[in-house]
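Q: Starting from these lines, generate the structure:
(chains A and B)
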Amino acid sequence: MRLIIKIALIYALISFFVFLIGGYINYTAMSKEIDKEQRFFLNDRLSRVIPWIEKRAFKETVTRNKLRVQPLAEFREETENIYSDTLVMHTDLERIEPHIKLDVIKNINGRSYKIMLYDLIVESDDIEDVVRETMIKTYLILLGAMLLLSFLVSYYLFRPFNTTLDAIKTFSLKSQRGLKLSKPTTREFRKLNTFIEEMTGQVARDYKALKEFSENASHELQTPLSIANGKLELLMSFPNLEQEQIELISAAQNALKRLSKTSNSLNLLTKIENKEFSDFEKVNFSDLVQNILNEFNELIELKSIEISTGIKSGVEVFGNKVLLEILVSNLLNNAVRHNREEGYISVELVDDFCLIENSGTEVEVVPEVLFQRFKKGSEHPDSSGLGLSIVQMICDQHGFDVEYTIKDKHHSLKVSFTSN
Amino acid sequence: MKLLVVEDNTQLQENIGAFLSKEGYICEVAENYKKASEKLYGYTYDLVALDLMLPDGNGLDLLKVIKENWPNIGVLIISAKNALDDKIAGLDMGADDYLAKPFHLTELNARLRAIFRRRNQHGETKITFEEISINPDTFEVRVHEQLLELTKKEFELIHYFIVNQNRVMTKQSIAEHLWGDYMDTADSFDFVYQHIKNLRKKIMKAGGNDYVHTVYGVGYKFKKEE
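A: Numbers count the residues shown, from 1 in each chain, chains lettered A, B, ... in the order given. I've put the predicted structure just below:
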């Protein structure tokens, strides 16, 4: 729900109660005022009734329109005007209505009279009607005004906020620059924009520095490795080298190669972590798996591994093509590398998942541990221990679930695309 | 074959120079952008091995200059960045090939020769070694003029051997040449052995000599028996 609508609703609810209480106050104040007026009116009538009684000197009780004069047998003290409410049948409306009543004892010409006057100027339900009507109408006008105001506010006042939101949506680390935003006149939004500009600027700078660092680190590492490797190759081409010397050189070269590979894998992990592969598109995963399988065919054949595939054609996955290729070739590489002579590999691909099963060796550690960096299931000299970390990282980036189970010598690795 | 090596690291320059000089290249080196463009304007080269990270400029800019002024020069990018963007950018801008550091000098040699050959189609493209002659354009290998039936890998293998004849070739470098970087399993050495066994068989069946010598525990050497 939009903020402005929420505010309007809360405001409407609060004002509803305010109007309820206000209506009550209005009603009581009005009835009090009317009450007062009625007393004045009755008093006024009383002062006109007294000369009339003087003139007529009643012996019997007289009941007239809204008046009752009762001569008393004995002399009594005069009383104050006593006002009270009473219910009387209204002649015109033909229903019982609350009236105001005045009782008083007056001594006129040496005789005591009990005088009772009652009247009605405004009926109480009339007051109620009026209050209700005015309150409801004002409330409706207020609601209308509020609605109009919220539209104006959201259109005009919130415009800079919405512009900022749109700008944030388009922000990409790849642009390597912070956002440039307008300077709205509203102080809060201006503060927000300044903050976002600073923050995105900082993020972009950090990202650039990190990217440069990983590239430079790679360069600084690969160049000396290149030199060392070249020197060894030159050494190798000397004539009359002893067999032992050649073996030493070769061993050194292998170690250098491993170092270079480890550095490349770490570099790749950093790059994936930095989201440098963010161009996502629809990738035909079936073709991709099939192509990589073809590349591995030779190795599989040479190792006499039996391969069975069940690849559904046209399976599409939303992701980065380069990363998906790395993912599949890492998995297949593992399936081949940790396999045995005349073992088996089965690759199954359906809409929801890709399952690779292969024969291998028994592994003592829990499979989950193998996803950690530099954790190996076997002391394979050529294994960097980073392959599955890369797999995990790629799956995380794509929102895939990856599940690795080992049962005796049967390994199965399942990548589920469900959350993709 | 005249080669300009544009590389700021002197050690690496020396390696490349020393190795390729023995292979019959005329090697010159330039350690930065400025020196490289001076040399390019002053002399003629067949090939340029270009590092992308130069102290005074970007190798990609130099590549652009080369392609605009001397389109006949073959360019091989050698870079430590191993960044996909650079590789794609370089190849898009007309570089002939891309080699990531660290590389085997034998691999560098093979790549440079391939570029040179592709760019000089007018001349004789056949490479011969004693009774073996190979034609890289048609992927044909003949022994005593008899055509051999070779797989693609076997062809690449013999080509790699002949280009780097008389050198010790490690199993590692052969495996990388044949399968690229992703093939890093120890098994690959067995596969190298398998391919070499088949290649030897085919050459000898056609009446050729066995020039592949095993260097125990390390690799192979392709040479004529003394």
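
Q: Going by C-alpha atoms from here, please, whenever you check contacts or count neighbours.
A: Noted.

Q: What residues does chain A have near chain B?
A: Contact residues (C-alpha under 8 Å from any C-alpha of the partner chain) of chain A with chain B: A:215-216, A:218-219, A:222-223, A:225-227, A:229-231, A:233-234, A:236-237, A:243, A:246-247, A:250, A:254, A:260, A:299, A:302, A:333, A:337, A:381-383.

Q: Now a PyMOL select for only the buried ones of these.
A: Restricted to buried positions by 16 or more other C-alpha atoms under 10 Å in any protein chain shown, the PyMOL selection for these reads:
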select buried, chain A and resi 215+218+219+222+223+225+226+227+229+230+231+233+234+236+237+246+247+250+254+260+299+302+333+337+382+383
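
Q: Just list what the top helix by length along chain B packs against, helices and strands only.
A: For chain B, the helix with the greatest residue count under DSSP state H is helix B:187-205. Applying 3 or more C-alpha pairs under 8 Å, 6 or more residues apart in numbering or on different chains; DSSP states H and E, one finds that helix B:187-205 contacts helix A:285-302, helix B:152-163, helix B:171-179.

Q: just so I know, which of these lies nearest A:L388?
A: Comparison of the helices and strands packed on helix B:187-205 against A:L388 by C-alpha to C-alpha identifies helix A:285-302 as nearest, at 17.4 Å.

Q: List the buried residues in the following helix or strand past the closest one.
A: Note on helix A:285-302: by DSSP states H and E, the next helix or strand toward the C-terminus is strand A:306-311. Of the residues in strand A:306-311, those buried by neighbour count under the rule 16+ other C-alpha under 10 Å are A:307, A:311.

Q: In CSV, list the C-alpha atoms belonging to strand A:306-311.
A: C-alpha atoms of strand A:306-311 as CSV (Å, rounded to 0.1, in the frame of the first residue of the first chain):
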residue,chain,number,x,y,z
GLU,A,306,30.6,-45.8,-19.4
ILE,A,307,28.5,-42.7,-20.0
SER,A,308,24.7,-42.5,-20.0
THR,A,309,22.9,-39.3,-20.7
GLY,A,310,19.3,-38.3,-20.3
ILE,A,311,19.2,-34.7,-21.5
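
Q: Mean pLDDT and distance to A:E362 for the helices and strands packed on helix B:187-205 - can I get that in JSON lines?
A: Shown next, in JSON lines, are those (pLDDT from 0 to 100; distance: least, C-alpha to C-alpha, whole Å):
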{"stretch": "helix A:285-302", "mean pLDDT": "88", "distance to A:E362": "20"}
{"stretch": "helix B:152-163", "mean pLDDT": "90", "distance to A:E362": "34"}
{"stretch": "helix B:171-179", "mean pLDDT": "84", "distance to A:E362": "28"}
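
Q: Could you say which one of these comes nearest to A:F374?
A: Judged by C-alpha to C-alpha, the one of the helices and strands packed on helix B:187-205 that comes nearest to A:F374 is helix B:171-179, at 22.4 Å.

Q: Run through who's touching the closest one.
A: Contact with helix B:171-179 is made by A:254, B:104, B:106-107, B:153, B:156-157, B:183-184, B:188-189, B:192, B:218-220, as judged by C-alpha atoms under 8 Å, 6 or more residues apart in numbering or on different chains.

Q: For ChimeraX, write the select line for the buried members of those residues.
A: The following ChimeraX line selects those of the contacts of helix B:171-179 that are buried, judged by 16+ other C-alpha under 10 Å:
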select /A:254 /B:104,106,107,153,156,157,183,184,188,189,192,218,219,220
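
Q: ranges for the strands of chain A?
A: For chain A, applying DSSP state E gives strands covering A:62-64, A:67-71, A:82-90, A:95-108, A:111-119, A:281-284, A:306-311, A:316-319, A:344-349, A:353-359, A:401-407, A:410-416.

Q: Looking at these, spot the one closest to A:Y155.
A: Proximity to A:Y155 (C-alpha to C-alpha) singles out strand A:281-284 among the strands of chain A, at 35.5 Å.
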